[in-house]
Each structure stands twice: as structure tokens, then as C-alpha cells.
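Asker: Fold the stuff below for me.
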Amino acid sequence: SNWNTLDEDSHGNFCEKSERDARDANDVCDSLGIEMHKVEFISEYWNGVFEPFVNALENQRMMNPDVGCNSIVKFGAMREYSMNKLGCDYIATGHYARLWHRNKVESEDNDILMSINRSLIEEHVVDLPEEEWIFSWGNDDKSCDAAPLLLSGADLTKDQSYFLCGVKGSSLSNFIFPLGELQKKNQRDILCSSDNHIGDIHNENWTEMSVRDIARSAKLPTASKKESMGICFIGKRNFSEFISQYLPHEPEPGNFIDIDTGEIVGKHKGSTHYTIGQGAKISGASRKWFISKKDMEGNIFVCDNTHHPSLYSNELYIQENDFNWIAGELPLPIREGKSIPAQCRTRHLQPLIPCIVSLEDSFVQIKFDRPIRSITPGQAAVLYVGNGLICVGGGQIWTHGPTYHDLGVDLPITLHPAGNNDTSVNQRTNKI
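Answerer: Residues are numbered from 1 along each chain as shown. The predicted structure follows:
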């Protein structure tokens, strides 16, 4: 447990959900015949995740608390407790990701660690620039203590490597991700839930059991439980109302300003409540507005098109000491003052974007091959190589480069999706 429910209304939805989750976990343990340990990491979460999140909001930055929760709590405090207090050799979690435990000796005792082998990596980096450095990266002495490499989950619709980008590779050494090679749902589940004709689900390729299949076959009480979504400590509550209780200063009202004309088009109750790229919801407005940028004086600049040039930039910067390289060191080409080609995403499950990565004046510079929408300071930018298989690390976006509006440049016809379900770029292309 990370959140102090004593701070909550005992009759609120959050407390009910927290208690229900605890009961579900206990029921699963009873079903499997294993002991459940309920441990609180409230101070670690508050000091390491929640307070930095609130402080970032005060400075017009929107952090991703799930990234911090993984690095500070799950792979920090929980790992330490499990290894030191419970004497665990390995810890299994339900993350949809994979690990290549390099240099481990194959034996019956660590078969599960060897489920990913070198051949998978070789297959994905062959004839690519990273083939020259990925195998020796953080592994010069071929030590069995070399940090494992973090890989994306086999189910790309559930891949959670993005949220693990802040975890030190050394902290991953004693972890196992049993779900990494599995699909959350099989095609039979997907088709049945989509009102497809029953005849369509009989396919000889759909024989592998999904996570849901395994849970049902084991008669686990949570086999059909709905997925949890959103920020864990907020749940279904109104974000603005909740977070206002914890901000050091009362949010100050300000103006919505048209970025093209400089005209004031509305009033807001506090700029900390808004994120770059989201709809502005201006009372009485006759057209839809989108948040383009914010300043420290409390002004929010808005634009009237979801694909306005002020929302797009083709580069971002991360402070060097804020970037977590999974293997514990810079890739060799960057250490030599060169750049590396990679792929990047700036939000969970966003289609990967080709980019060039270099070190520029104490910043990791990521330059994209096309303009990217809503690059938001505080959010995580995560890098991959090997055609998206290997997550090499990530960090908090410090700032982005000049927008296409700043440069006075028109956007290209073809744009990259801002997220996994962004179909607006296709609609835009069709209109043009």
C-alpha cells in the first residue's frame, strides 16, 4: 500500500477501491495457498513520488507518477523489503515487459531467467548501428552481475516498458516478469467482446493461452476483474479538485490567450490544472480551443486547431543527470561524442518515432524525423533500439525545441500519432 487512506473520506470511492483491491489480493493468495504480506510504503511514496509530482505542477510541469512509483517504490522500497526482510531470491511482478538476464549460467534453477536469450536480441539488431555496441553496453567484463536489458512486452497493446524507464538496471537483476511473453487477452476474447460472428473465432493460430485464460483455468477470483486505469492516487475523482488540496499555494486565476492574435478569449481558475495539448474548455466559447503553452505568470496560450503549429516541435531535451540509462552508462557512440539512431515515445503506447540521440551541453538531445505533438515538460521520453525491442532508458522532458509556430513553418501533410488511439492525423491527411 502506497497511499494513506486515513487522509481520505472513509465513505469515498477511493477507500472502497483500496479495500476491495486488498481483499482481492488476499483471495488470490488463499486460492494459491501462499502467504500474503501487507506492507505500507506510504512515506516512500509521499516523499519520493507524490511531493515531487505536486512541486512539478507548481512549476508548470506535468510528471508521470507511475514512472516514479516503479523506480522509488516497487523496484526500490519493495525490492529492499522483499530481499532483506523476507529473504527472497527473486521477485515476480505483473508488468508486461521482458528482461534479458545477460551472462546468467543456464541451469534448472534459473530456467525462467533464461526464457529470453541472445538470439532474440541478435535477430532484432542485425545490420543496425546498435549491433556494434548493444552486447558490450554495461557489460565489458562479461560479469554475471551485469544489469539485465529491459525489453518491451510481447503484447504491444499492453507493453509497460515505458513506465519502467526510470528503474536502474541493477535493480532489475532480481526480478522476473512472467507476463512478458504472454498476451493479456487472446483473439477469441477480443472477438467475442467485439460482437463478432462466433464462426470467426475458430482459428488454428489462437492456441496459446492468454493471461486471462491462465487465470480462469486456475480459477483465480480476479480472472475477470476490470483493468485499473488513470493515476492511482486519484482514481475516478476530479483531478483539479483533488490536487488543489495539496498545492502549496492556491491556484491563481488567469487568462486564456489566443496564441495567434494575443486576444484574451477566456478566464481560467489556475494554470496548474491544464496540460499541453488538452482541450481548454473555455466557458461560452463558440469554438474548440487547445492548450498550446503556459508561462510562469499564469497565462495559458491556446490555439483553435488540434494540429496547430504551436503544438508541434521536432526536438526535446532532458537534463543529463535526469536520464536513466538502463545499463548504467552511456552507449559507446555517445561516450565518443557521436550520436545514435533510436526510436522514442513521449507517452505510453504512442507509436515509436525515429530519432537521433546525442549529448549537447549537459542535455540529452532527442531530435525527431518529423514534428511531434504536445511535447510536455515533466513527462517521460523513453528511448528504444532494435526495432523497438530494447528499452535503453528515459527521463523527464526538460523542454522542447522551438515550435513550428515559433519558426513560422507549416506542418507537413503527414503527422505522427500523438497517442495509441490518435486517428486525427489520418483524418487530417484525408481532408488535405
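Asker: Render the CA-only coordinates of the helix or strand hosting Ser43 in CSV, please.
Answerer: With elements delineated by DSSP states H and E, Ser43 resides in helix 42-45, which encompasses its position. This file holds the C-alpha atoms of helix 42-45, laid out as CSV (Å, rounded to 0.1, in the frame of the first residue of the first chain):
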residue,chain,number,x,y,z
ILE,A,42,3.4,5.5,2.5
SER,A,43,6.4,7.7,3.4
GLU,A,44,8.5,6.5,0.4
TYR,A,45,5.6,7.2,-1.9
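Asker: so what's Thr376 up against?
Answerer: By C-beta atoms under 8 Å, 6 or more residues apart in numbering, Thr376 lies in contact with 62, 275-277, 346, 397. Bear in mind the C-beta positions are built from the backbone N, C-alpha and C, glycine included.
Asker: how far is the helix holding Ser43 from where the chain is centred?
Answerer: Here the centre of mass of C-alpha atoms in helix 42-45, compared against the chain's by C-alpha atoms, centre = their mean, to the nearest Å, lies 21 Å away.
Asker: could you point out which element follows it?
Answerer: The first helix or strand that comes after helix 42-45 along the chain, using DSSP H and E, is helix 51-58.
Asker: Distance from that next one to the middle of the chain?
Answerer: Here the centre of mass of C-alpha atoms in helix 51-58, compared against the chain's by C-alpha atoms, centre = their mean, lies 18 Å away.
Asker: Residues in contact with that helix: which ones?
Answerer: Contacts with helix 51-58, where a contact means C-beta under 8 Å, 6+ apart, come from 62-63, 65, 68, 243, 246-249, 272, 378.
Asker: In the helix holding Ser43, which residues are buried?
Answerer: Neighbour counts using 16 or more other C-beta atoms under 10 Å place 42, 44-45 of helix 42-45 among the buried residues.
Asker: TSV please, covering those residues and showing pLDDT and distance to Gly328.
Answerer: Formatted as TSV, those follow (pLDDT from 0 to 100; distance: C-beta to C-beta, whole Å):
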residue	pLDDT	distance to Gly328
Ile42	90	30
Glu44	94	22
Tyr45	92	25
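Asker: Out of the contacts of helix 51-58, who's the most crowded?
Answerer: Highest neighbour count within those, by other C-beta atoms under 10 Å: Thr272, with 23 neighbours.
Asker: I'd like the buried residues of helix 42-45 as TSV, with distance to Glu35 appended.
Answerer: Supplementary listing: these in TSV, determined by distance: C-beta to C-beta, whole Å:
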residue	distance to Glu35
Ile42	22
Glu44	23
Tyr45	24
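Asker: which of the residues you listed lies closest to Glu132?
Answerer: Taking C-beta to C-beta as the measure, Glu44 is the one of the buried residues of helix 42-45 closest to Glu132, at 39.6 Å.
Asker: which residues does the closest one contact?
Answerer: 2, 72-73, 76-77.
Asker: that older thread, can you tell me which two in the contacts of helix 51-58 are farthest apart?
Answerer: Farthest pair in those (C-beta to C-beta) is Gly68 and His249. Separation: 22.2 Å.
Asker: Mind telling me what element Arg212 is part of?
Answerer: Assessed by DSSP H and E, Arg212 sits inside helix 211-217.
Asker: Correction: the previous question concerned Leu99.
Answerer: strand 97-100.
Asker: Filter the contacts of Thr376 down to the buried ones.
Answerer: Going by neighbour count (16+ other C-beta under 10 Å), the contacts of Thr376 have 62, 276-277, 346, 397 buried.
Asker: With pLDDT and distance to Val357 as added columns, please give these in TSV.
Answerer: Rendered in TSV, the data for the buried ones among the contacts of Thr376 read as follows (pLDDT from 0 to 100; distance: C-beta to C-beta, whole Å):
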residue	pLDDT	distance to Val357
Met62	90	23
Ile276	94	22
Gly277	94	23
Thr346	96	14
Ile397	97	14
